[in-house]
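1. Got a predicted structure here, sequence first:
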Amino acid sequence: MIYEMRVYRCLPGRVPALLKRFETITLKLWEKHGIKQAGFFTTLVGESNQELTYFLAWESLAEREKKWAAFQGDPDWIAARAKTEADGQIVGNIVNQMFAPTAFSSVK
């Protein structure tokens, strides 16, 4: 299993809009495309409280490439994203990393 960590750094005051979009739109589209989330987190203590961090679980990098491309190109996602950003851009920056669990990790 491969885990992807994505950190969305929101523009000031836009975290609630991002959370709402994930809860009401994005997760349903991920289900449609077979994308498995492995946890969502807001920042309590750290560099900024205007961040959303989440993890995705993938069987392989090839699976990630295929499913993520399908999601990104989905007309329903493109339309929903545009609609949710009608009041302005939500995310200022996205950082992602891929992780492979160690042999002694409690997560495999």
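-> Right, received. Where do you want to start?
2. list the helices and strands the helix of greatest length in the chain packs on?
-> Taking DSSP state H as the criterion, the chain has its longest helix at helix 61-73. Helices and strands touching helix 61-73, as assessed by 3 or more C-beta pairs under 8 Å, 6 or more residues apart in numbering; DSSP states H and E, comprise strand 2-10, helix 27-33, strand 51-58. Every C-beta, even on glycine, is put in place using the N, C-alpha and C of the backbone.
3. If we use 10 Å, what do you get?
-> strand 2-10, helix 27-33, strand 51-58, helix 75-84 (3 or more C-beta pairs under 10 Å, 6 or more residues apart in numbering; DSSP states H and E).
4. Quick one: mean pLDDT for the first one?
-> Strand 2-10 comes out with an average pLDDT of 97.
5. Name the residues of the helix or strand just after it that are buried.
-> Downstream of strand 2-10, the next assigned helix or strand under DSSP states H and E is helix 15-21. Burial within helix 15-21, assessed by neighbour count using 16 or more other C-beta atoms under 10 Å, is assigned to V15, A17, L18, R21.
6. how near is the first one to Q72?
-> Okay, so that is V15. Distance, V15 to Q72, by C-beta to C-beta, to the nearest Å: 22 Å.
7. just M5 next, same as before
-> 18 Å.
8. out of those two, which sits in the busier spot?
-> The neighbour comparison of M5 against Q72 (other C-beta atoms under 10 Å) goes to M5, with 16 against 11.
9. residue contacts, the more buried one?
-> A38, G39, F41, T53, Y54, F55, L56, V95, N96, Q97, M98, F99 (C-beta atoms under 10 Å, 6 or more residues apart in numbering).
10. My read is that the fourth one contacts G39, right?
-> Read that as T53. Yes - using C-beta atoms under 10 Å, T53 is in contact with G39, at 8.6 Å.
11. So between those two, which is more surrounded?
-> Neighbours of T53 and G39, each counted by other C-beta under 10 Å, are more numerous for T53; the result is 16 against 11.
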